[in-house]
Each structure stands twice: as structure tokens, then as C-alpha cells.
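K.L.:
coordinates for the following, if possible.
(one chain, ligands or ions: 3)
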Amino acid sequence: MDTQTNFLDRLFDAGLLIDTGVEGLYGRSGQFEEVIASFERLIDRVGGGDGAEALRFPPGMNRAYFETSGYMKSFPQLAGTVHSFCGNELDHVSLLKCMDADEDWTKEQRATDIVLTPAACYPLYPTVAKRGPIANSGALFDLQSYCFRHEPSTDPARQQLFRMREYVCMGTEKHVTDFRQSWMDRGLKMMEEVGLPVEIDIANDPFFGRAGKMLANNQRDQNLKFELLIPITSVAKPTACMSFNYHQDAFGTKWGLNLEDGSVAHTACVGFGLERIALALFHHHGLDVKAWPEKVRKALWG
Ligand code: ATP
Ligand code: ZN
Ligand code: MG
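P.N.:
Ligands and ions are numbered 1, 2, ... in the order given. Next up, the predicted model:
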């Protein structure tokens, strides 16, 4: 089994990931991207019959929506904000002086209206809320976005900018929990098709601080989050390659998402970590895609 840095070095050497000098910030080769694209086509084949509405947001979101989401209460350690120079010519002169002197030039940068998207579904809830009531039969969305999380690591499976493909379901409790269960079943089957060993386990989000421990315990006690795990750089600690989250009516209440009958919508989201799935494939089948087992190549490329 590779260690984290060992696997990362092999990925760099093979040119699949490109070192930028920052942990968790990598370029990707055409081959790496082709694996992600083919896995996304597999997702399309499996989920395509459900009638989800596809929406794509850029990797930055409205800061006001981000503030309302409460992300800073739960995960301040992971957030990334976009700051810019907003000064006059005089300020520009001191900025350049500061840079020349190798001093911290970033202190004068001002927050813009944009923050980096922490999960693909975050921009969705306020967007749907603006449309008015959701049909009693529910609503289903298909999302994909680069996401930012400030968690630098030498583990290639823990990146700071990575892509998440998500399906988000809104409706009654029964509707959205059935949706989540069906994707757990589908996820297991899909990974089996591409030759990856998997297990599903209960999980929690990394809520910040001491109060966060209680939130995490509560999330576990109520079975709100499951992960599909695949060993990549550790068998003892396999990596979450998909997550299955039930938010109860928390987002419905926060964003004012109501069904036509006036009840608050329940929501659930299912996320695929696209880089992690690609890395799992490279780890288990080798760095040379042409040498992957026929069964796997067939599942991905037909
Ligand atoms: P972990 O427990 O490993 O930190 P997570 O619980 O934070 O994962 P989610 O917030 O559920 O993950 O995000 C959905 C999916 O996005 C995960 O299942 C994973 O596949 C992927 N993902 C999350 N964080 C990263 C990261 N830093 N780098 C690459 N992929 C990630
Ligand atoms: Zn989500
Ligand atoms: Mg995490």
C-alpha cells in the first residue's frame, strides 16, 4: 500500500497530477480529466432517468448567501473568501512598496461579494427558494462544481480545490430519505462495476470546536450522514468517495423552502468526490489506464 506522499509522488511522476508548490492544489493531465469525464458519464447513465434539473454554478458564490448558510458557525476552519485590492493610486504605491519589502501586502485586501463554494449544493437552496413553492411531488437537481476547503494535506485525496458532483432532492421526509437510500444502493453497484472495494459507514462532518463535538455526535446518533469508503492510501482509514446527507428540514427552514401544501421541505444531497474516485481507480488499477482490467474499461468507456 502506498503512503500518502508516496502515492502523490507517483502521480506527479506519471504527470497525472501537476505540482503547483501548494499542498492540495494541483493541475490535472488530460488523462486524469478523461477518467473523471468517463465516470461522470456513468453517473449520467445511472441517474439520467430520474428527471433531475441540471444546474451549474461557478466555484464562487454570493457572500450574502454564504453568510445565511451558517457555514462560518460550523466550519470556519475550511472557508475561503475572495479578497481584492480596492484602493486608489496612493494605496497602490504603498501596496507595491510593501511587496518589494517582502512584507504582508494582503492585509489591505478587502472582502468582495464572492466566497469560494464549499460544497456544490450551497448555491442551490437560495436559488430554489426564490422560485416559490416546490411541487408536492418534490424536486431533484443535478449539480457539479469545483469546491474549496482550506485543508492542506500531503494526501492527494485531500485537496483544497476539487470537484463534487451532487444530486439534491427536496420534498417530504419519505421522498428524500428514499432518494438517499436509492443512491447508497446505486453507489455500491457503480463502484463494484468499476472494480473498487467499498464499504458504507455512518459519518459526521468536521464541526469546529468543542460545541462542534456535540453537533457531530448528534449527526451520528440520528443517522444523518453516511459515506461510501474506498481504501486509497490507507486500509485502516479508507477515504470517503461519496457522501449521503439528510438535512431533515434544517435547510428548508433556513431558506424558506416550502412545498405547495405549505409544509417545510425536507432535503437530502448525495455527493461524488470526483478526484477521489479517479484516484481510487488509479490506485487500484494502476497509473496506466490502457492496462486497466477489461471489465473496468468497459464500464467506463463502453
Ligand atoms: P472527509 O471526511 O474525507 O473530510 P467530507 O465528509 O468532508 O470528507 P463531504 O463534505 O461529505 O466530505 O463532501 C462530499 C464529497 O466530496 C466527499 O464524499 C468526498 O468524496 C469529496 N471531498 C470532500 N473533501 C474533499 C477534499 N478535501 N478533497 C477531495 N475530495 C473531497
Ligand atoms: Zn450537498
Ligand atoms: Mg472534510
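K.L.:
L281 should be in a helix, yeah?
P.N.:
Yes: judged by DSSP: H, G, I helix; E, B strand; the rest coil, L281 forms part of a helix.
K.L.:
host element of the nearest residue to it once chain neighbours are set aside?
P.N.:
Nearest-residue entry for L281: V35, 6.0 Å, with adjacent residues in sequence omitted and distances by C-beta to C-beta, 6 or more residues apart in numbering. C-betas here are computed from N, CA, C, even on glycine. Secondary-structure element containing V35, defined by DSSP states H and E: helix 30-47.
K.L.:
quick one: mean pLDDT for whichever helix or strand comes after that helix?
P.N.:
Per DSSP H and E, the first helix or strand lying C-terminal to helix 30-47 is strand 53-55. For strand 53-55, the mean per-residue pLDDT is 98.
K.L.:
list phi and psi for the residue in the stretch 201-302 of the chain positioned nearest to ligand 1.
P.N.:
Here the stretch 201-302 of the chain gets closest to ligand 1 at one residue, G273, 1.9 Å apart by C-beta to the nearest ligand atom. Phi and psi for G273, reported as degrees, to the nearest 10, are phi -90, psi 100.
K.L.:
and it, what does it touch?
P.N.:
Neighbour list for G273: 157, 162-164, 240-243 [criterion: C-beta atoms under 8 Å, 6 or more residues apart in numbering].
K.L.:
secondary structure element for the residue located most distally from the centre of the chain?
P.N.:
Most distant residue from the mean C-alpha position of the chain: L90, 41.1 Å away (C-alpha atoms, centre = their mean). Using DSSP H and E, L90 maps to helix 89-100.
K.L.:
which positions in whichever helix or strand comes after that helix come out as buried?
P.N.:
Next helix or strand after helix 89-100 toward the C-terminus (DSSP H and E): strand 110-116. By neighbour count, with 16 or more other C-beta atoms under 10 Å as the criterion, the buried positions of strand 110-116 are 114-116.
K.L.:
what's next to strand 110-116, contact-wise?
P.N.:
Contacts for strand 110-116 (C-beta under 8 Å, 6+ apart): 59-64, 66, 79-86, 147-148.
K.L.:
just checking: what are the partner strands of it?
P.N.:
Sheet pairing of strand 110-116 (DSSP bridges) gives strand 60-62 (antiparallel), strand 81-84 (antiparallel).
K.L.:
now mean pLDDT, distance to G171 and mean neighbour count too, for these, in a markdown table please.
P.N.:
Shown next, in a markdown table, are those (pLDDT from 0 to 100; distance: least, C-beta to C-beta, whole Å; neighbours: other C-beta atoms under 10 Å):
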| stretch | mean pLDDT | distance to G171 | mean neighbour count |
| --- | --- | --- | --- |
| strand 60-62 | 98 | 24 | 20 |
| strand 81-84 | 98 | 33 | 13 |
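K.L.:
alpha carbons of the longest helix along the chain, as PDB, please.
P.N.:
Longest helix in the chain, counting residues (DSSP state H): helix 173-193. Written as PDB, here are the backbone C-alpha positions of helix 173-193 (Å, rounded to 0.1, in the frame of the first residue of the first chain):
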ATOM      1  CA  GLU A 173     -39.200  13.200   4.600                       C
ATOM      2  CA  LYS A 174     -40.100   9.900   2.900                       C
ATOM      3  CA  HIS A 175     -39.300  11.200  -0.500                       C
ATOM      4  CA  VAL A 176     -35.900  12.500   0.300                       C
ATOM      5  CA  THR A 177     -34.800   9.600   2.600                       C
ATOM      6  CA  ASP A 178     -35.900   7.100  -0.200                       C
ATOM      7  CA  PHE A 179     -33.800   9.200  -2.600                       C
ATOM      8  CA  ARG A 180     -30.800   8.900  -0.300                       C
ATOM      9  CA  GLN A 181     -31.200   5.100   0.100                       C
ATOM     10  CA  SER A 182     -31.500   4.500  -3.600                       C
ATOM     11  CA  TRP A 183     -28.200   6.300  -4.200                       C
ATOM     12  CA  MET A 184     -26.500   4.300  -1.500                       C
ATOM     13  CA  ASP A 185     -27.600   1.200  -3.400                       C
ATOM     14  CA  ARG A 186     -26.600   2.600  -6.700                       C
ATOM     15  CA  GLY A 187     -23.200   3.900  -5.400                       C
ATOM     16  CA  LEU A 188     -22.300   0.400  -4.200                       C
ATOM     17  CA  LYS A 189     -23.200  -1.100  -7.600                       C
ATOM     18  CA  MET A 190     -21.300   1.600  -9.600                       C
ATOM     19  CA  MET A 191     -18.100   1.100  -7.600                       C
ATOM     20  CA  GLU A 192     -18.400  -2.700  -7.900                       C
ATOM     21  CA  GLU A 193     -18.800  -2.200 -11.700                       C
END
